[in-house]
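A.B. asks: quick one: sequence and predicted model below, then my questions.
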Amino acid sequence: MGREEMSVTEREIRRRRSSLIMKSLIALLILLLAGLAALLLYETKFKVYNNPWAPQTGDLMESSESETQPQERISAQEQTLEAQANRLAAQYDYDAAIELLRGQPGFDRSDRRKTLVASYEKTKAGCSPYSVDQITHVFFHTLVKDDARAFDGDEDTDGYNQVMTTISEFNSIIQQMYNRGYVMVSMHDMVEVAEDGSVSTREIRLPAGKKPFVLSQDDCSYYHYMDGDGFAQKLVLDENGRVKNSYIEDDGSVSIGDYDVVPLIDTFVENHPDFAYHGHKGIIALTGYEGVLGYRTDEVYKTREAARLTGWQTKFLEENPDFDFEKETAEAKAVADAMKAEGWEFASHTWGHINPAARGLDQVQTDTERWRDWVQPVVGPTDVLIFAFGADISDWTPYSHENPYFNYYKSMGFNIYCNVDGSVKAWVQIGSDYMRMGRRNLDGYRMYYNPDLLEDLFDVETAWDDNRPTPVPRM
Ligand SMILES: [Zn+2]
């Protein structure tokens, strides 16, 4: 073999070797590009568009991190911003979510934010309006925290068994309704009232499968007669400023926790933000005669006018010699303010829990003025009247200004009126200057006697609390 032949072979080997290296490099490059493309596709197509903007945005951050794209690194500030926008979008307020991102400086330079905005716009375009007159309205009373104490056989047991719901039943009902696509809305999402008092329908748009409903709670006063019967004592602010309940345990110690509708719903929405349309929660119907939210804020606790004090009130004032009316009112107002900030609304349930038409106009006026003077300063003004006893001031035919009760209530600023009608899924009547809505009681009586009427909302057998005595007494 000559030198020349050797060098030919060497050259050939060198050529092959470099070609092999080239090929490997190209293959490696293709793999790298394919990987990047897959990552990008996953990120934009699936990761974001499928994202119902639940709070777990943490995983959105990790996969997009890449050494080659340092401009995509997400700061803590950006994470907070995205979490805020995602929460707004999860609560169906796409416009607010988009506005939040668009309003940031340098929006045009952020592909991430643009992609998020595009995903919000896409979901928003897929929403459709829900017929306002098909919206259902459910209500509860104060929830039973301790079944043994509520159903202990004393003279109040039957009443609690009929019209109250236990915490375990409530939690099951809410979870089932959420699973079925129900979303809390405010009655103020259904109609809007113009300056001149005229009422017009608004549009509620939701993604496919979502159904709006209204939630209310009656008599959230923690009346004296319920003391010691296994109900929360009052609504309070915890050390983080959150609305919770206080509860007096058997041994007299005080626990703070989720023991009634308001904090239970707050906690549920924290974990399931898409349960609250635009963050709106329920509406609390309040009387005034024993104060509100567990605070003794009525006039009589201040004046202590003997002729007006009930036995319960006298006993309370005797047992609480340090009672300070101004402090009590300030505390109640702080709780009400925190509730409003969390999406809650308030309604009048009449000051004295009265059936207006049975009392006559004079008493209705006194009653309404008492609510205005002693409840409104604590919870703020409202245009919603949720009648006590499921009463109403007219039959099902539209309200007219010939009706002195409607005329009076409307002149006092009430635009929305609720009665009770558990026989139909939805009952909504919108007139030129009012809205009326029927409500469905989700209590022991309804669950025991008419589980079929609740099938659209939840399965009674699943929700039923076996500690409840049966049969539930007839009314
Ligand atoms: Zn009531």
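C.D. replies: Thanks, I have it.
A.B. asks: I'd say residue 268 and residue 275 touch.
C.D. replies: Yes - counting by C-beta atoms under 8 Å, residue 268 does reach residue 275; the two are 6.3 Å apart. C-beta here means a position set from N, CA and C on the backbone, and glycine is covered the same way.
A.B. asks: what sits in contact with each of the two?
C.D. replies: Counting by C-beta atoms under 8 Å, 6 or more residues apart in numbering, the common neighbours of residue 268 and residue 275 are residue 178.
A.B. asks: give me the nearest residue to residue 388, chain neighbours excluded.
C.D. replies: What sits nearest to residue 388 in space, not counting adjacent residues and going by C-beta to C-beta, 6 or more residues apart in numbering, is residue 353, at 4.4 Å.
A.B. asks: following element in sequence after the lowest-mean-pLDDT helix or strand in the chain, please.
C.D. replies: The helix or strand of the chain with the lowest confidence, counting by mean pLDDT, DSSP states H and E, is helix 58-64 at a mean of 41. Going down the chain from helix 58-64, the next helix or strand is helix 76-90, by DSSP states H and E.
A.B. asks: can you name every helix or strand that that next one contacts?
C.D. replies: Judged by 3 or more C-beta pairs under 8 Å, 6 or more residues apart in numbering; DSSP states H and E, helix 76-90 is in contact with helix 94-102, helix 111-125.
A.B. asks: 6 Å instead, please
C.D. replies: Using 3 or more C-beta pairs under 6 Å, 6 or more residues apart in numbering; DSSP states H and E, the elements in contact with helix 76-90 are helix 94-102.
A.B. asks: run the angle between the helix it packs on and helix 76-90 for me.
C.D. replies: For helix 94-102 against helix 76-90, the angle by axes from the mean of the first three to the mean of the last three C-alpha atoms, to 10 degrees is 160 degrees.
A.B. asks: which parts of helix 94-102 are buried?
C.D. replies: 94, 96-98, 100-101 (16 or more other C-beta atoms under 10 Å).
A.B. asks: and of the residues you listed, the nearest to residue 400?
C.D. replies: Sorting the buried residues of helix 94-102 by distance to residue 400 puts residue 96 at the head of the list, at 39.1 Å, by C-beta to C-beta.
A.B. asks: for the closest residue to the ion within the stretch 1-150 of the chain, what are phi and psi?
C.D. replies: Closest approach between the stretch 1-150 of the chain and the ion, counting by C-beta to the ion: residue 141, at 7.2 Å. With angles defined as degrees, to the nearest 10, residue 141 sits at phi -100, psi -170.
A.B. asks: pretty sure it is touching residue 164, no?
C.D. replies: Yes - contact status for residue 141 versus residue 164: in contact at 5.3 Å, counting by C-beta atoms under 6 Å.
A.B. asks: circling back to that earlier point, in TSV: the buried residues of helix 94-102, plus distance to the ion.
C.D. replies: Formatted as TSV, the entries for the buried residues of helix 94-102 read as follows, by distance: C-beta to the ion, whole Å:
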residue	distance to the ion
94	37
96	35
97	38
98	42
100	40
101	44
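A.B. asks: which one of the residues you listed is nearest residue 343?
C.D. replies: Taking C-beta to C-beta as the measure, residue 96 is the one of the buried residues of helix 94-102 closest to residue 343, at 13.8 Å.
A.B. asks: rewinding a little: next one, pLDDT for the residue nearest to residue 388 please.
C.D. replies: The model reports residue 353 with a pLDDT of 98.
A.B. asks: and it, how far is that from residue 389?
C.D. replies: Residue 353 sits 8 Å away from residue 389, going by C-beta to C-beta, to the nearest Å.
A.B. asks: so the two - more neighbours on which side?
C.D. replies: Residue environment comparison for residue 353 versus residue 389 gives the larger neighbour count to residue 353, 18 against 12, counting by other C-beta atoms under 10 Å.
A.B. asks: so that one, which of the three states?
C.D. replies: The local conformation at residue 353, judged by DSSP: H, G, I helix; E, B strand; the rest coil, is coil.
A.B. asks: surely it meets residue 386?
C.D. replies: No - under the criterion of C-beta under 6 Å, residue 353 lies out of contact with residue 386, with a separation of 11.0 Å.
A.B. asks: how distant is stretch 435-446 from the center of its chain?
C.D. replies: Taking C-alpha atoms, centre = their mean, to the nearest Å, one finds the center of stretch 435-446 at 18 Å from the center of the full chain.
A.B. asks: actually, stretch 170-188.
C.D. replies: Between the centre of stretch 170-188 and the centre of its chain there are 8 Å (C-alpha atoms, centre = their mean).
A.B. asks: contacting residues around that stretch?
C.D. replies: By C-beta atoms under 6 Å, 6 or more residues apart in numbering, the surrounding residues in contact with stretch 170-188 are 143, 204, 209-215, 268, 272, 275-277, 280-281, 416, 457-458, 462-463.
A.B. asks: may I see the PyMOL selection of the buried members of the residues you listed?
C.D. replies: For selection in PyMOL, the members of the contacts of stretch 170-188 meeting the burial criterion (16+ other C-beta under 10 Å) are listed in this command:
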select buried, resi 143+204+210+211+212+213+214+215+268+275+276+277+280+281+416+457+458+463
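A.B. asks: in strands only, show me the contacts of stretch 170-188.
C.D. replies: In strands, defined here by DSSP state E, the members of the contacts of stretch 170-188 are 204, 211-215, 416.
A.B. asks: now those residues as TSV including pLDDT and distance to residue 32?
C.D. replies: Putting the ones in strands among the contacts of stretch 170-188 into TSV (pLDDT from 0 to 100; distance: C-beta to C-beta, whole Å) gives the following:
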residue	pLDDT	distance to residue 32
204	98	48
211	98	48
212	98	49
213	98	51
214	98	55
215	98	53
416	98	62
